[in-house]
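Student: got a sequence here, can you model it:
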Amino acid sequence: MKAFKTDLLQIPGIGPHKAKSIVKGGVKTMRMLSSLSVEDLCEIKGVGPVLAEGIHQFFHGPAVEAPAAPAAAVAAPAAVARPSWTAQIRTFVAELATGLKQAFELSVVSMGDACLGTA
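Tutor: Now for the predicted structure:
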C-alpha cells in the first residue's frame, strides 16, 4: 500500500494528503485509479473536478474535442438569382440595337443637316 501511495505522488496535483484521501476512497492500485472516470474520481472525498480531470489526463491524455460539424450540415447561403444566359443575350442585343438605332438617327440627322446646309 505504501508503494501505491508513493506512485500516487507522481501524478501532478497529488500530495501526501490527497494520496491518503484516494486510498481511503477505496482505490487500491494505479490500474484501478486509471479505470475511473472523471465523475467517479470526483466522488472521492478531497478530489475536486480540476484534480479529477488532471488524474484522468495523466492516464489517458488530454480530452479530445468532438469533431466539427460537417460542412454539409451548415446552412448554405441563399442562392443569388441570376438571369439565364438567354436572358443575358436578349438584354445585350436589345441594348446594342438601341445604341445602333440612336447612332443611326444621329448620323441621319447630321447628314440631313449637312445636305440642307444647316449644319
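Student: off-centre distance for the top helix by length along the chain?
Tutor: Once the chain is assigned using DSSP state H, the helix that runs over the most residues is helix 85-116. Remark: helix 85-116 is offset 55 Å from the chain centroid, using CA atoms, centre = their mean, to the nearest Å.
Student: from what I see, residue 11 and residue 54 are in contact.
Tutor: Yes: in this structure, residue 11 is within contact of residue 54 by CB atoms under 8 Å, at 7.3 Å. Bear in mind the C-beta positions are built from the backbone N, C-alpha and C, glycine included.
Student: endpoint to endpoint, stretch 17-35 covers what distance?
Tutor: 21 Å (CA to CA, to the nearest Å).
Student: now do the same contact list for residue 48.
Tutor: Each residue near residue 48 by CB atoms under 8 Å, 6 or more residues apart in numbering is listed here: residue 42.
Student: still on that earlier bit, state the mean pLDDT of the longest helix of the chain.
Tutor: Throughout helix 85-116, pLDDT has a mean value of 78.
Student: in it, which residues are buried?
Tutor: Residues of helix 85-116 include none that count as buried (16 or more other CB atoms under 10 Å).
Student: so what's residue 19 up against?
Tutor: Per CB under 8 Å, 6+ apart, neighbours of residue 19: 5, 8, 9.
Student: can you give me the neighbour number for the second one?
Tutor: Number of residues near residue 8 (other CB atoms under 10 Å) recorded here: 21.
Student: now swap in the first one and tell me
Tutor: Taking other CB under 10 Å as the criterion, the count of residues near residue 5 is 14.
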